[in-house]
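1. Return atomic coordinates for the entry below.
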Amino acid sequence: MTDLALQDLDLTQCDREPIHIPGAVQPHGALIVVDQATISIEQAGGSCARLLGLAPEALLGRPLAEAVAGAADLFLDDPFTEAAYAGVVPAHEGGELDCSTHRVGDKLVLEFEPAPQRRRSAAETTRTIEAVSGAFGACRSLPQLAETAALKFRELTGFDRVMIYRFLPDETGAVIAEAKADALPPFLNHRYPASDIPKQARQLYLRNLIRVICDVGYVPAPLIARDTGEPPLDMSDCHLRSVSPVHIQYLKNMGVAASASLSIVRDGKLWGLVSFHHCEPKGLSFDDRSLCRVLAGSLSHQIAALEDSELYRERLRSRAAEDALFSLLGRGGSVEQALEDHADDLLEMVRAHGVAIRHGDRVIASGLCPDPGQVLPLADWLLGRGESGVFATDSLSRLFPAASVYADTASGLLAVTLSGGEKRQLLWFRAEQVEEINWAGNPHKPAEEDLAGGQLTPRKSFDLWRETVRGRSQPWSSVEVDAAARIARTFAEMQRTQGIGRLNESLRRALDERDRELSEKSHLLREGDHRIQNSLQIVGGMLRMQLRDTTDPEVRAQLEEAMARVTAVALVHRRLHRSDHPETVDLDVYLRELMTDIGASLGADWTRQMKIQLSPVATPTEMAMSIGLVLSELVLNAAKYAYDGAAGPLLVELSGRPQGLRLEVRDWGRGAAVAKTPSGGGLGSRLVGALVDRLNGTLERGAASPGMRVVVYVPLPLRAERADA
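-> Have a look, this model is predicted:
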């Protein structure tokens with residue numbers, strides 16, 4: 001079988017392997033599956049006889065409390081979805097067993113492992129976390145952080161080798177840091193093909209963040225089921241899950257006797273692994289695994305901070321170069337001439353080796369570029385692809401074979417089209433960057449054929465295998481791609497601006513006239529607002545006079561509700577029209593001030609028990625007024641009904657979301673408000689419903705056990721323009 005055939009077949013087989021349902025466990029522990037309804041054992045496997053005193057077959061069908069000594073003291077009530085510590089039970093041969101548990105459907109999975117003779121105290125664990133996290137936080141570069149992490153994890157676990165393994169954009173992996181015993185050969189800077197970690201294994205690394213193989217020479221212990229007709233147990237979250245025989249052979253070929261892998265996750269994606277190797281069998285207790293998971297989280301946060309910081313610095317540099325270029329381009333003249341005059345500045349903006357400006361059949365080049373006769377066919381090919389936006393590649397000849405003749409000059413291409421009809425394009429070039437990759441074994445031979453068994457086995461050699469890669473350039477960063485897109489938008493805007501330049505003066509005069517009109521209108525609005533406030537005060541006064549002269553309880557209740565509603569409208573109006581920006585308001589600031597006024601009107605007892613959580617949200621003024629009225633009605637309704645008129649806890653929460661905003665008012669009363677204000681019932685309920693409908697929003701009422709929760713969802717209008725435009 002050829003190497004190519006081996007590679008293709010190996011990738012297919014590995015990606016199809018059902019590693020989440022192996023039907024067996026590693027024998028250093030014991031695993032039992034309990035029916036959640038009957039609390040009886042349905043499956044068992046591993047060293048049950050040695051650890052629990054009964055063979056797997058003898059455990060089946062028994063109640064958990066009868067089969068496992070100390071099971072009654074385990075913490076099994078919470079519906080765990082991933083392995084969590086459940087407690088300690090006595091081991092059959094002496095000592096203690098750590099028990100971890102999680103649920104799979106209606107099954108409770110319990111895993112038992114020998115507990116360490118000495119446990120870290122809570123204070124010692126806290127000091128360790130603080131010390132290691134502090135060491136991570138003190139690192140100022142990714143290489144320094146990776147090296148520190150490898151050293152710290154080796155100190156904590158005692159493994160012979162600890163590597164920080166990073167996944168690259170092409171899904172290959174690279175060892176970027178290593179701490180090892182002196183006698184071991186180095187793997188630092190070695191690259192591994194993507195096929196070494198199949199897709200379904202990467203998915204498990206995201207789900208189950210740590211995996212330990214205590215002894216690669218173990219014999220898998222089958223998981224025996226009481227009902228053989230049931231589907232195989234999903235063991236994705238099981239620590240004792242037996243691993244793929246292919247991976248076991250892979251480790252044996254590397255000379256590894258025990259291994260562990262700890263996932264490094266950034267933004268929900270698998271960034272890399274902390275990989276542990278040992279030359280003799282070795283395990284990690286539940287305590288040690290938990291500590292490693294916490295520190296892996298700290299490591300992930302620091303990686304994100306360093307990468308974000310580097311991205312921010314690159315963005316600042318790029319924006320500074322853009323600003324300088326746009327300042328030069330804005331001094332007049334045609335766009336084409338401006339581009340030609342400042343071609344060197346275009347190079348600096350994206351750190352390219354060359355740039356070509358194409359206008360029709362003319363090509364103006366600066367720096368290291370192909371000949372104009374070679375640029376024009378390339379530019380036409382780009383137009384023929386019919387793609388809008390930015391085109392970027394670090395391997396041009398793979399997509400456009402004709403570029404292979406000038407690959408040394410232009411292996412990387414970043415291009416934008418300014419105008420397809422007039423054939424205006426910008427093309428940046430990067431020269432070939434010859435790279436020598438140190439692979440751990442031949443990457444083109446990830447598997448070998450076992451002549452005796454006719455099966456595929458992992459490659460047997462992990463010796464240094466060097467490969468020279470040509471035809472590629474340094475990749476374009478996301479910052480550089482974004483910069484090219486902004487350049488295209490800016491030049492398009494410049495063209496539009498030049499087309500209406502002769503109207504600038506008349507537009508300026510029109511704007512001045514409009515400003516005067518707006519000033520007059522603002523004065524009239526302020527006068528109108530003043531009169532509205534006076535009118536509301538008069539109405540309030542008349543209602544108070546009527547209330548003073550009325551003894552009928554039902555009439556008094558209606559007058560009091562009318563006064564509260566007039567007061568709420570006055571508060572809403574006064575708060576809104578004190579803003580210096582009448583078109584939009586900061587809704588969170590406005591609602592906080594409104595709640596202060598409402599609290600003052602309700603009294604100090606209410607103010608002390610109000611909890612207000614408001615996220616920053618900007619809305620049009622008219623929308624803010626409607627939301628303010630909705631909030632006033634909901635709060636006054638809760639004050640009236642939730643605690644039978646007495647003060648009590650009240651939560652007001654505002655949060656912004658991509659699709660709109662969410663406003664919640666929740667009390668912990670006796671649910672009286674639900675009964676008093678049914679949907680479509682009283683005036684307040686109808687007013688709130690009408691306001692929410694006007695906002696194209698939705699309203700949800702319901703019991704909160706105890707109390708009542710009212711949630712309002714309101715879509716936000718689209719912004720006039722994008723923030724990055």
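
2. for Arg226, what are its contacts?
-> 41-43, 60-61 (C-beta atoms under 8 Å, 6 or more residues apart in numbering). Every C-beta, even on glycine, is put in place using the N, C-alpha and C of the backbone.

3. Separate out the buried members of the residues you listed.
-> Neighbour-count burial (16 or more other C-beta atoms under 10 Å) is assigned, among these, to 41-43, 60.

4. a markdown table for those residues, including pLDDT and secondary structure?
-> Converted to a markdown table, those look like this (pLDDT from 0 to 100; DSSP: H, G, I helix; E, B strand; the rest coil):
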| residue | pLDDT | secondary structure |
| --- | --- | --- |
| Ile41 | 93 | strand |
| Glu42 | 94 | strand |
| Gln43 | 94 | strand |
| Leu60 | 94 | coil |
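
5. of the residues you listed, closest to Val243?
-> Relative to Val243, the closest of the buried ones among the contacts of Arg226 is Gln43; by C-beta to C-beta it sits at 18.9 Å.

6. Please tell me I have it right and the closest one contacts Ala225.
-> Yes: counting by C-beta atoms under 8 Å, Ala225 is a contact partner of Gln43 at 4.6 Å.

7. and for these two, which residues touch both?
-> 33, 60, 233.

8. Neighbours of the first one, how many?
-> In other words, Val33. Counted with other C-beta atoms under 10 Å, residues neighbouring Val33 total 22.

9. so who does the closest residue to it other than its chain neighbours touch?
-> Excluding its sequence neighbours, the residue lying closest to Val33 (C-beta to C-beta, 6 or more residues apart in numbering) is Gln43, at 3.8 Å. Residues near Gln43 by C-beta under 8 Å, 6+ apart: 31-33, 60, 223-226, 233.

10. Among the residues you listed, which ones are in strands?
-> 31-33, 224-225 (DSSP state E).

11. Quick check: the gap between the spatially most central residue of the chain and Tyr312.
-> Against the mean C-alpha coordinate of the chain, by C-alpha atoms, centre = their mean, the closest residue is Asp267 at 3.6 Å. Distance, Asp267 to Tyr312, using C-beta to C-beta, to the nearest Å: 16 Å.

12. re the thing from before, pLDDT score for the residue nearest to the centre of the chain?
-> Note for Asp267: predicted pLDDT of 89.

13. so it touches Glu307, yeah?
-> No: applying C-beta under 8 Å, one finds Asp267 not in contact with Glu307, separated by 10.0 Å.

14. and Val688, how far is that from Val585?
-> Relative to Val585, and taking C-beta to C-beta, Val688 is found at 20 Å.

15. Hmm, I typed the wrong one, I wanted Thr38.
-> For Thr38, the distance to Val585 - C-beta to C-beta - is 60 Å.

16. Which residue, neighbours along the chain excluded, lies closest to Gly389?
-> For Gly389, the spatially nearest residue (C-beta to C-beta, 6+ apart) is Ala485, at 6.6 Å.

17. My error: substitute Ala201 in the last question.
-> Ile19 is the one closest to Ala201 (C-beta to C-beta, 6+ apart), at 6.5 Å.

18. Quick check: the residue nearest to Val33 vs Gly61, distance?
-> 11 Å.

19. next one: Pro169
-> On the measure of C-beta to C-beta, Pro169 and Gly61 end up 52 Å apart.

20. where do the helices sit along the stretch 101-250 of the chain?
-> 122-137, 142-157, 199-207, 245-254 (DSSP state H, counting those that start in this stretch).

21. could you show me where the helices are in the stretch 301-450 of the chain, in order?
-> Using DSSP H, counting those that start in this stretch, helices in the stretch 301-450 of the chain cover 335-341, 343-350, 372-384, 396-399.

22. what pLDDT, on average, does the last one get?
-> It refers to helix 396-399. 90.

23. Would you mind listing the buried residues in that helix?
-> Quick answer for helix 396-399 (16+ other C-beta under 10 Å): 396-397.

24. mind checking how far it is from the chain centre?
-> 33 Å (C-alpha atoms, centre = their mean, to the nearest Å).

25. Could you export it as PDB, CA atoms only?
-> The C-alpha trace of helix 396-399 is given here as PDB (Å, rounded to 0.1, in the frame of the first residue of the first chain):
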ATOM      1  CA  LEU A 396      -1.300  32.700  -4.500                       C
ATOM      2  CA  SER A 397       0.100  30.100  -6.900                       C
ATOM      3  CA  ARG A 398      -2.200  27.400  -5.400                       C
ATOM      4  CA  LEU A 399      -5.200  29.400  -6.500                       C
END
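
26. which other residues reach that helix?
-> 393, 403-404, 407, 410-413, 471.

27. if you set the cut-off to 6 Å instead, what comes out?
-> Residues from elsewhere that reach helix 396-399, judged by C-beta atoms under 6 Å, 6 or more residues apart in numbering: 393, 403-404, 407, 411, 413, 471.

28. Just the local confidence number for the nearest residue to Ala352 once chain neighbours are set aside, please.
-> Closest residue to Ala352 apart from its sequence neighbours, by C-beta to C-beta, 6+ apart: Trp428 at 3.8 Å. In this model, Trp428 is scored at 91, pLDDT.

29. ok, Trp428 touching His353?
-> No: when contacts are counted by C-beta atoms under 6 Å, Trp428 is not listed as touching His353 (8.4 Å).

30. Show me the shaky parts of the stretch 551-700 of the chain.
-> Scanning the stretch 551-700 of the chain for pLDDT under 70 picks out the ranges 551-552, 554-583, 671-683.
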